[in-house]
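Student: only geometry, no sequence info:
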């Protein structure tokens, strides 16, 4: 176990559970993340994302189960595991009285970084997260965006094998979000990256895999595309047309009788007078665009728009997390 | 076992001096020791070349000033969320507990050492027993350590520095006066003799006065040392229990 896993980064989460008094916050969560993967950890607030991350990073002891980070069990060899991890806790806490410069030097001290290597690394991360201009200002005087970046600098200072970030782009403006995501993508090949978020566009933007957790349990695990495919709008077709003498009821009825179509919904929002717009939902996500298009041409409808939906992650997210909370 | 002690100690100690806290504290400490020694203690009027009036007021001075140092040790970390950062760095928890305590103790020691002009004064005015004065400083420093260890433990229990301060003062007060007649009398009416002796034995005052008279006995040193160790272990336990809240 040790020999192979010390080469490449890897995080194995094995049956992690956490009770807070009578409340089961995390319920038997298991998954593995390999080097090169960027895992998005999703879930509604209070689903157990942060608690899971706190257990993996060794801040909170699990009630049962464990996490193995690059071959080191966090409950048995916490220090060895922590050396492999760079962690950005929720809210990017940092000592408010310190300057980013002093703070990064403290982290370098703790990480045992010395001499030229240390100077070089501090210089590199400062440049990477663009905090060069505020190095000598107390952290408490910095804006939220700068604070977040100082936290990020701290997490990546020792070029960790495993990077764990709790809501890394929370509170950043769109440009800063873009930068942080670019940074994550850039670092991804050599690392195991786990990030929690409730921003779904972030998952599409940076993650190679998404794990959805609700009420402490994993309810979905797959690539963002696989998750999208679970949407009832996946491969749905939106068609807008002007048809001479066709009533909405007739056209809707015709479309819903097509073999691949499960149901048809009429859309009126933003549709010009004289046009009809329908959303045709497919059976089991099978492509139906050809079928719908053929039918429209056969009937001589003038098509303004024919659009295939990929399915929106937030629909899927709402569906699976809401279902779960009813259970 | 104490991996990371150095960086923690360094950061904590530097932390006192990058804010006005250290300077305000030291100035007030020196001011108050001056007031107590010369005004209330009658340093000149006594006509004796010693620092008894100086040391006699230390327990009371520490009662309020030491909790002011210790209140932020852990409460601030919990309130600001930095405890999560600290505890996920590759350092042992023992190093964090000991490092924070030592930094605070060294800081208190610096404040105490800055009272050296008094020592110069008394040597200029007469021929004091410098051995007794050294013992007084040692006793005072140990007592400060005892108060700090208690305060650190209380600080770990709460996110509020105000609560940490008030509870520490009350607890320290208890340790201070546990050897005084009213307390001893209260227990001696009904409690067994050994219990009364044990309670009286916890008195900071008794142990401090024993040392500051110039008689350095092992049992007084052991008392302060073991008290510090016990409260540091307690601090560590409290952190384990409460850090996630």
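Tutor: It's in. Treat the numbers as computed from the prediction; the structure is a model and nothing was measured.
Student: residues touching residue B:74, list them.
Tutor: Residues counted as contacts of residue B:74 (CB atoms under 8 Å, 6 or more residues apart in numbering or on different chains) are B:83, B:100, B:152, B:155-156, B:164, B:235, B:239. Yep, even glycine has a C-beta here, placed from its N, CA and C like the rest.
Student: mind redoing it with 7 Å?
Tutor: Counting by CB atoms under 7 Å, 6 or more residues apart in numbering or on different chains, residue B:74 touches B:152, B:155-156, B:239.
Student: Is it in a helix, a strand, or coil?
Tutor: Under DSSP: H, G, I helix; E, B strand; the rest coil, residue B:74 falls in the helix class.
Student: ditto for residue A:28
Tutor: Secondary structure for residue A:28, judged by three-state DSSP, is strand.
Student: For it, give me its contacts.
Tutor: By CB under 7 Å, 6+ apart, the contact set of residue A:28 is A:15, A:17.
Student: tell me the helices in chain B, going along the chain?
Tutor: B:5-18, B:21-34, B:52-56, B:58-70, B:72-80, B:82-87, B:93-113, B:116-125, B:130-157, B:161-177, B:181-188, B:193-201, B:204-212, B:218-242 (DSSP state H).
Student: With respect to residue A:50, which of these lies nearest?
Tutor: Each of the helices of chain B has some distance to residue A:50 by CB to CB; the shortest is helix B:82-87, at 9.7 Å.
Student: from the stretch 151-300 of chain A, which residue is nearest to chain B?
Tutor: Residue nearest to chain B within the stretch 151-300 of chain A (CB to the nearest CB): residue A:154, separated by 7.5 Å.
Student: thinking that residue is in contact with residue A:106, fair?
Tutor: No - contact criterion CB atoms under 7 Å: residue A:154 and residue A:106 do not qualify, at 9.0 Å.
Student: Of those two, which one has the most company?
Tutor: Neighbour count, other CB atoms under 10 Å in any protein chain shown: between residue A:154 and residue A:106, residue A:154 has more, with 27 against 22.
Student: Name the nearest residue to the more buried one, sequence neighbours excluded.
Tutor: Among residues not flanking residue A:154 along the chain, residue A:107 sits closest, at 5.1 Å (CB to CB, 6 or more residues apart in numbering or on different chains).
Student: Low-confidence bits of the chain, can you list those?
Tutor: Went with chain A since none was named. The model of chain A has pLDDT under 70 over residues A:1-7, A:244, A:323-327.
Student: wrong one, chain B
Tutor: Scanning chain B for pLDDT under 70 picks out the ranges B:1, B:244-245.
Student: Show me which residues of it are close to chain A?
Tutor: Residues of chain B lying close to chain A by CB under 7 Å from any CB of the partner chain are B:3-4, B:7, B:10-11, B:15, B:18-19, B:80-82, B:84-85, B:87-92, B:244.
Student: tell me which parts of the stretch 1-150 of chain A are close to chain B?
Tutor: Taking CB under 7 Å from any CB, the part of the stretch 1-150 of chain A that reaches chain B is made up of A:54, A:57-60, A:79, A:82-83, A:87, A:89, A:91, A:93-97, A:106, A:109-110.
Student: Of the residues you listed, which belong to strands?
Tutor: Among those, the residues falling in strands (DSSP state E) are residue A:87.
Student: Tell me the buried residues within the residues of the stretch 1-150 of chain A next to chain B.
Tutor: A:54, A:57-60, A:82-83, A:87, A:89, A:91, A:93-97, A:106, A:109-110 (16 or more other CB atoms under 10 Å in any protein chain shown).
Student: Pull the number of nearby residues for the residue nearest to residue B:163 when sequence neighbours are not counted.
Tutor: Distances taken as CB to CB, 6+ apart put residue B:75 closest to residue B:163, at 7.7 Å, once the chain neighbours are dropped. For residue B:75, the count of nearby residues is 23 (other CB under 10 Å).
Student: and residue B:75, how far is that from chain A?
Tutor: According to CB to the nearest CB, to the nearest Å, residue B:75 stands 14 Å off from chain A.
Student: if I look at that residue, how far off is residue B:173?
Tutor: To residue B:173, residue B:75 is 19 Å away according to CB to CB, to the nearest Å.
Student: cool, and residue A:292?
Tutor: Here the criterion is CB to CB. By it, residue A:292 lies 83 Å from residue B:173.
Student: So those two - more neighbours on which side?
Tutor: Ranked by neighbour count (other CB under 10 Å), residue A:292 and residue B:173 place residue A:292 first, with 25 against 16.
Student: So the closest residue to residue A:111 other than its chain neighbours, which state does it fall into?
Tutor: Distance criterion CB to CB, 6+ apart; nearest residue to residue A:111, sequence neighbours excluded, is residue A:158 at 4.5 Å. The three-state label given to residue A:158 by three-state DSSP is coil.
Student: which ones are touching the residue nearest the centre of chain B?
Tutor: Computing the C-alpha centroid of chain B and ranking residues by CA atoms, centre = their mean puts residue B:144 first, at 2.2 Å. Applying CB under 7 Å, 6+ apart to residue B:144 gives the contacts B:62, B:66, B:105, B:108, B:112.
Student: Show me the two of these that sit farthest apart.
Tutor: Largest separation among these by CB to CB: B:62 and B:105, giving 12.2 Å.
Student: Between these two, tell me which one has more neighbours.
Tutor: Applying other CB under 10 Å to residue B:62 and residue B:105 shows that residue B:62 carries more neighbours, namely 25 against 22.
Student: Please name the residues that touch that one.
Tutor: For residue B:62, the contacting residues are B:143-144, B:147, by CB under 7 Å, 6+ apart.
Student: Let's verify the residue of chain A positioned farthest from its centre: helix, strand, or coil?
Tutor: Centroid-distance maximum for chain A: residue A:245 at 47.7 Å, with CA atoms, centre = their mean. In the three-state summary, residue A:245 is assigned as coil, counting by three-state DSSP.
Student: residue contacts, residue 131?
Tutor: You didn't say which chain, so I picked chain A. By CB under 7 Å, 6+ apart, the residues touching residue A:131 are A:100, A:146, A:149-150, A:153.
Student: hmm, I had chain B in mind actually
Tutor: By CB under 7 Å, 6+ apart, the contact set of residue B:131 is residue B:214.
Student: any idea how far it lies from chain A?
Tutor: For residue B:131, the distance to chain A - CB to the nearest CB - is 40 Å.
Student: Residue A:55 against residue A:18, yeah?
Tutor: Yes - contact criterion CB under 7 Å: residue A:55 and residue A:18 qualify, at 6.3 Å.
Student: Between the two, which contacts overlap?
Tutor: Common neighbours of residue A:55 and residue A:18 (CB under 7 Å, 6+ apart) are residue A:62.
Student: Those two: which is more packed in?
Tutor: Shown here are residue A:55 and residue A:18; by other CB under 10 Å, residue A:55 has more neighbours (27 against 23).
Student: which residue sits closest to the more buried one, ignoring its sequence neighbours?
Tutor: residue A:62 (4.8 Å).
Student: ok, the one you found touching residue A:20?
Tutor: No - if you go by CB under 7 Å, residue A:62 and residue A:20 don't touch, sitting 11.9 Å apart.
Student: before we move on, back to that, for the residue nearest to residue A:111, grab phi and psi.
Tutor: Residue A:158 adopts backbone torsions of phi -90, psi 20, taken as degrees, to the nearest 10.
Student: Residue A:278 too?
Tutor: Phi and psi for residue A:278, reported as degrees, to the nearest 10, are phi -130, psi 150.
Student: and it, how many residues sit next to it?
Tutor: Neighbours of residue A:278 (other CB under 10 Å): 21.
Student: same check, this time on residue B:115
Tutor: By the criterion of other CB under 10 Å, residue B:115 has 18 neighbours.
Student: Likewise for residue B:150?
Tutor: Using other CB under 10 Å, residue B:150 has 26 neighbouring residues.
Student: Contact partners for it?
Tutor: Counting by CB under 7 Å, 6+ apart, residue B:150 touches B:168, B:171-172, B:175, B:231.
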